[in-house]
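Participant: would you be able to build a 3D model of this:
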Amino acid sequence: MRPSLRAYQQLQRFTADASHELRTPVATVLSNAQVALMPPEDPLEQRLRLQNIAQTAKSMSTLINDLLFLSRHNGSLAETGLTPVDLCEILRSLAQRVLSPCS
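Facilitator: Numbers count the residues shown, from 1 in each chain. Model prediction:
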């Protein structure tokens, strides 16, 4: 049981560290994108790209908050609350949004 407990504690530390390291840059990107959206001086394409940046940053912020929740969770996770995800599909979708900001 000790190896499982140790692995779980390491996972908690990792998620806490990762969340804290990512929070500041995401907040910076989000605030800069929102400020740039206020007085648009460039064509519509730039505005659409900035809107995409803001939307992606908000999604990343939600993910970070979820990671922080996991790092603070002291008990075992109920399997009924977990659902499998297709990580490849999530990454493909994110890459498509980043590489095609105007779509």
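
Participant: helix or strand: which one has Pro84?
Facilitator: Under the criterion DSSP states H and E, no helix or strand holds Pro84.

Participant: ok, Leu87 - how many residues close by?
Facilitator: 8 (other Cβ atoms under 10 Å). Backbone N, C-alpha and C define where each C-beta goes, glycine included.

Participant: brain fart, Met60
Facilitator: Neighbour tally, Met60, other Cβ under 10 Å: 18.

Participant: what do you get for Ala57?
Facilitator: Neighbour count for Ala57, taken as other Cβ under 10 Å: 20.

Participant: contact partners for it?
Facilitator: Val26, Val29, Leu30, Ala33 (Cβ atoms under 8 Å, 6 or more residues apart in numbering).

Participant: so which of these are in helices?
Facilitator: Val26, Val29, Leu30, Ala33 (DSSP state H).

Participant: circling back to that earlier point, lowest-confidence one in the contacts of Ala57?
Facilitator: In terms of pLDDT, the lowest of those is Ala33, showing 76.

Participant: which strands and helices lie in contact with the one helix or strand Arg92 maps to?
Facilitator: Per DSSP H and E, Arg92 falls inside helix 87-99. Contact analysis of helix 87-99 by 3 or more Cβ pairs under 8 Å, 6 or more residues apart in numbering; DSSP states H and E lists helix 44-72 as its packing neighbours.

Participant: got the angle for the helix it packs on vs helix 87-99?
Facilitator: Counting by axes from the mean of the first three to the mean of the last three Cα atoms, to 10 degrees, helix 44-72 points 150 degrees away from the direction of helix 87-99.
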